[in-house]
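Asks: Sequence first, then the predicted structure:
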Number of protein chains: 2
Amino acid sequence: MADSLELVKEISVTSPTRIVFLVIDGLGGLPHPRTGKTELETADTPNLDRLATEGICGLIEPVGPGITPGSTPGHLAIFGYDPVKFNIGRGVVEAVGIDFELKPGDIAARGNFCTVDEAGVITDRRAGRISTEKCTELCRLFGEVAVEGVKIIVQPVREHRFVAVFRGKELAPEVSDSDPERVGVSPKVVTAQQAKARRMAKIVNEFIAQAGKILARQHPANMVLLRGFSRHPNLPTMPDVYKLKPAAIAYYPMYRGLARLVGMQVLETGTSIEKEFNTLKQNYNSYDFFFLHIKATDSAGEDGDFERKARVIEEIDRALPVLTSLEPDVIVVTGDHSTPAVLKGHSWHPVPILLYSRYCRPDKVERFSEPACISGGLGRFPATQVMPLAMAHALKLTKFGA
Amino acid sequence: MADSLELVKEISVTSPTRIVFLVIDGLGGLPHPRTGKTELETADTPNLDRLATEGICGLIEPVGPGITPGSTPGHLAIFGYDPVKFNIGRGVVEAVGIDFELKPGDIAARGNFCTVDEAGVITDRRAGRISTEKCTELCRLFGEVAVEGVKIIVQPVREHRFVAVFRGKELAPEVSDSDPERVGVSPKVVTAQQAKARRMAKIVNEFIAQAGKILARQHPANMVLLRGFSRHPNLPTMPDVYKLKPAAIAYYPMYRGLARLVGMQVLETGTSIEKEFNTLKQNYNSYDFFFLHIKATDSAGEDGDFERKARVIEEIDRALPVLTSLEPDVIVVTGDHSTPAVLKGHSWHPVPILLYSRYCRPDKVERFSEPACISGGLGRFPATQVMPLAMAHALKLTKFGA
């Protein structure tokens, strides 16, 4: 699929057309045991159904059949990036998750505050799950600590969790974790997994030693554990590959961070579906690609709340005229993965997709639902192909070959 | 797809759920010219149809569209191994076909007893198709012949065919065939195709010279021809990749051997469908994955016996309650390839598949047949994806990425 990015980059052109991706997080579902209908089938969605009737439908596989995607691979795939090739490290995902603006070259690690005894042996890997306020206060103690000219930025995440970002020249992420992932032992000395990472290992160990001193009187949070060292992935950006001017409308930090990693402008917006749609309207003339992300469906699915997920879908449907009245050249409605309420979590099931454009070849689907999409004209296909399809329908791809 | 095995290995976990693969050899068919119905459509299959109604259906491509698979690639694909990447050599297939227990490092060659004249020129490549009894008797003459400390085991296959297995340290399979595949010439001197195979070439030539002496008085079977030198493929095993405890129920040596190559425990069973299903029942609590292989459908197809193939399918359907009453978490019913009676052989046509689990997203298919499966929810997909799908539905795969 990297090849596919290369190919698309070669033939993509700028044009005055506009594309809107409405990404309904965890959209796909499973039948309710009583009714035999999924969340999407249960919801009353006249506006989505009209788009499905006039457009073309199908089912996407974010990573592959049987593979349950995390939110990062699910979204990367929709934006055209092979999520297995571009597998983004733990530390980076954590940094992105707090909306931290990672720069190319930065290396991020996921951190825990933990408790060690007088002998330095770990007695609690989570320091008694200190409050987020306490975590924030402790992170401030680090100020802008530096080791060998490398700036180390420590930012709170939630409870005992934080992110440590190492910013400097020629840093390598190929170092081992300090977190032994069990109690009764000392934190591990960080070692280089490749020769070029020797300096980084030294820097990290020196940082950990300093952290021990800074936290000495902060029992139970008197030490740190670090893992998942990873570098800003330096993804080819959407402006570069697709020649788009893309904007993201999302209020959860994680999705804002991901959008930034692929080169989108992240817009200020509110936390309701209505406010997100209004942000689209207000900024419609300034960009030619919009990623509009709705989180509440996934949250309801994760909570196992079938009814709430169906109601959120209905709320999206009611807001849809704000989007359609802008008359985008291409509208794509899909999700990053399925989150069936009956499974209370992400799942491997393929995700319904609807593509609307004046140039699509309509199928017989008249209802936006999982069973209807099975017989849609797009069939069942890898999510990485959504971007080329959308670009083509927006007349933003020229002919390949002579 | 090697990457896919790697990916699945990373996210697979052990769980108390059970998976049963019912593999109906040569399942797919073609319409009877008179009725317009395939073997599967002709058969009365109420139990399979009920599973199809409650489960999800589709069509699998064992190797790829238009490619007719042998039994080895057909099965490897279903077990999740890319059959093009893991192309198992002729010698190994022959050894596996007689249920010979190959060890890692072993090199197997396919052998013919042949006839040579006084000048050593081949006059019959098959030694007049000697009987299997005669072949067995001749193989015994070799005892456990050894060259340069390498043990050479000669085992009968059928008629003039045998297997020669070279067992020793650091043997290389990169040597040419001695079989010129025509008469009127002498057997070819075996040569090394890579430097590291020079010793092997010497060993093989020395073995052939000894064979000439051993067989000198055995006209018409007075020489051997060897080809298809290949090594035990050292496949990543199913216990390793999938963390399963898998068992095979099959009575044909070839399928038992294949199952062993991928790390399954091969169970003792009888030669009837009923006995195979009973073996499943008796061993159900001791394993978490079962490969239940039915051969008779393929044999009927190869014989061009449309009616017999349909009757075998009905017999399987009648036995099915033995399987379903065990209530496996996931049931997959499919074949390794199609064997349409009208073609009297394997064919390239995709194979119907049915997946039943409480977590599958049902489609509208109510009949297990080739035309019904076309509109199934699984669509038409590579057979290598069957295992990830089955694993996911058995909740044996964790999330990929954060």
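Replies: Yep, it's here. Not measured: the values here are computed from a predicted model.

Asks: Which parts of the stretch 151-300 of chain A are strands?
Replies: Residue ranges of the strands in the stretch 151-300 of chain A, as given by DSSP state E, counting those that start in this stretch, are A:161-167, A:223-231, A:246-249, A:265-266, A:289-294.

Asks: Now do the contacts for the residue nearest to the spatial centre of chain A.
Replies: Among the residues of chain A, the smallest C-alpha distance to the mean C-alpha position (CA atoms, centre = their mean) belongs to residue A:72, namely 3.7 Å. When the contact criterion is CB atoms under 8 Å, 6 or more residues apart in numbering or on different chains, the partners of residue A:72 are A:83, A:88, A:93, A:96, A:258, B:401, B:402. All C-beta spots, glycine's among them, are computed from the backbone N, C-alpha and C.

Asks: circling back to that earlier point, for residue B:43, which of the strands of the stretch 151-300 of chain A is the nearest?
Replies: Distances from residue B:43 to each of the strands of the stretch 151-300 of chain A were compared using CB to CB; the minimum, 47.8 Å, belongs to strand A:289-294.

Asks: The closest one: partners in the sheet, and parallel or antiparallel?
Replies: Its sheet considered, strand A:289-294 pairs with strand A:19-24 (parallel), strand A:246-249 (parallel) by DSSP bridges.

Asks: Centre of the chain to the strand or helix carrying the residue nearest to the centre of chain A, how far?
Replies: With elements delineated by DSSP states H and E, residue A:72 resides in helix A:71-78, which encompasses its position. Shown here is helix A:71-78, whose average C-alpha point lies 6 Å from the average C-alpha point of the whole chain (CA atoms, centre = their mean, to the nearest Å).

Asks: Now the element after it, going C-ward?
Replies: In the C-terminal direction, the helix or strand that comes right after helix A:71-78 (DSSP H and E) is helix A:90-97.

Asks: Partner strands of the very next helix or strand once past that following helix and their direction?
Replies: Next in sequence after helix A:90-97, counting helices and strands by DSSP H and E, comes strand A:107-116. Using DSSP bridges, the strands paired with strand A:107-116 are strand A:122-124 (antiparallel), strand A:161-167 (antiparallel), strand A:223-231 (antiparallel).

Asks: For the second one, give me every contacting residue.
Replies: Contacts of strand A:161-167 with the rest of the structure, by CB under 8 Å, 6+ apart, involve A:91, A:94-95, A:98, A:100, A:102-103, A:105-113, A:135, A:138-139, A:150-157, A:200, A:203-204, A:207, A:224, A:226.

Asks: interface residues of chain A facing chain B?
Replies: Where proximity means CB under 8 Å from any CB of the partner chain, the interface of chain A facing chain B comprises A:30-31, A:38, A:59, A:63-73, A:83-84, A:87-88, A:90, A:93-94, A:342-343, A:345-349, A:370-371, A:374-375, A:379-380.

Asks: Just the buried residues out of those residues, in PyMOL syntax.
Replies: Taking 16 or more other CB atoms under 10 Å in any protein chain shown as the burial criterion, the selection of buried members of the residues of chain A next to chain B in PyMOL is written as:
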select buried, chain A and resi 30+31+38+59+63+64+65+66+67+68+69+70+71+72+73+83+84+87+88+90+93+94+342+343+345+346+347+348+349+370+371+374+375+380
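
Asks: In the sheet, which residues pair with the residue lying closest to residue A:256 once chain neighbours are set aside? Tell me.
Replies: In space, and not counting its chain neighbours, residue A:256 is closest to residue A:266: 4.8 Å by CB to CB, 6 or more residues apart in numbering or on different chains. Applying DSSP bridges to residue A:266 yields these beta-bridge partners: residue A:248.

Asks: Tell me how far residue A:173 lies from chain B.
Replies: According to CB to the nearest CB, to the nearest Å, residue A:173 and chain B sit 16 Å apart.

Asks: Count the neighbours of that residue for me.
Replies: By the other CB atoms under 10 Å in any protein chain shown criterion, the neighbourhood of residue A:173 contains 21 residues.

Asks: So it sits against residue A:229, correct?
Replies: Yes - between residue A:173 and residue A:229 there is a contact under CB atoms under 8 Å: 4.5 Å.
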